[in-house]
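Visitor: Pasted the sequence and its predicted model underneath.
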Amino acid sequence: QVQLVESGGGLVQAGGSLTLSCTAPGRTFSTYVMSWFRQASGKEREFVAGINMSGGRTLYADSVKGRFTISRDNAKSMGYLQMNSLKPEDTAVYYCAAGRGGYSKISNYDYWGRGTQVTVSS
């Protein structure tokens, strides 16, 4: 069982930055792929970024490539999403997820946090 808790969301102006954190207490965090998804109001949940177990491989959605950076610290059982050059269209609830399959497929993830709201004003 992996319990995930996101934090770091908030209100920011366009062009600003935020860093989201995902805590995953327990010894098994390092055995999971970790990803961030987001869901805007009225839209489906979508993949944002993923990182493999060791942290040596990452994957990003085209919409955030070059602006967002995913990372993890297995010693602390923590995951992060650094978001720069934020745009109003990045407004969404952001979810941390842990799984053992491919990055972008929602059904590959066994564990989800409750989400943290990110709002980008224009």
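Guide: The structure has been received and is ready for your questions.

Visitor: make it CA atoms for all contacts and neighbour counts henceforth
Guide: OK.

Visitor: Enumerate every residue touching residue 99.
Guide: Residues in contact with residue 99, defined by Cα atoms under 8 Å, 6 or more residues apart in numbering, are 32, 33, 34, 108, 109, 110, 111.

Visitor: For the fifth one, give its distance to residue 85.
Guide: Spelled out, that is residue 109. According to Cα to Cα, to the nearest Å, residue 109 and residue 85 sit 28 Å apart.

Visitor: Look at those two and report which has more neighbours.
Guide: Relative neighbour count places residue 109 above the other of residue 109 and residue 85, with 20 against 15, counting by other Cα atoms under 10 Å.

Visitor: Does the worst-scoring helix or strand of the chain on mean pLDDT pack against any helices or strands, and if so which?
Guide: Least confident element among the helices and strands of the chain, by mean pLDDT, DSSP states H and E: strand 109-112 (a mean of 93). Taking 3 or more Cα pairs under 8 Å, 6 or more residues apart in numbering; DSSP states H and E as the contact definition, the neighbouring helices and strands of strand 109-112 are strand 92-99.

Visitor: Would you pull up how far the strand it packs on lies from the middle of the chain?
Guide: 5 Å (Cα atoms, centre = their mean, to the nearest Å).

Visitor: same deal with stretch 81-95?
Guide: 10 Å.

Visitor: so residue 79 makes contact with residue 72?
Guide: Yes. Taking contact to mean Cα atoms under 8 Å, the distance of 4.2 Å between residue 79 and residue 72 places them in contact.

Visitor: okay, those two: which has more neighbours?
Guide: For residue 79 against residue 72, the residue with the higher neighbour count under other Cα under 10 Å is residue 79, and the figures read 25 against 22.

Visitor: show me the residues around that one that make contact.
Guide: Going by Cα under 8 Å, 6+ apart, the list of residues near residue 79 reads 21, 22, 23, 34, 70, 71, 72, 73.

Visitor: hmm, which two among those residues are most spread apart?
Guide: Between any two of those, the greatest separation by Cα to Cα is 13.8 Å, found for 23 and 70.

Visitor: Who has more neighbours out of the two?
Guide: Neighbours were tallied for residue 23 and for residue 70 using other Cα under 10 Å; the higher tally belongs to residue 70 (24 against 20).
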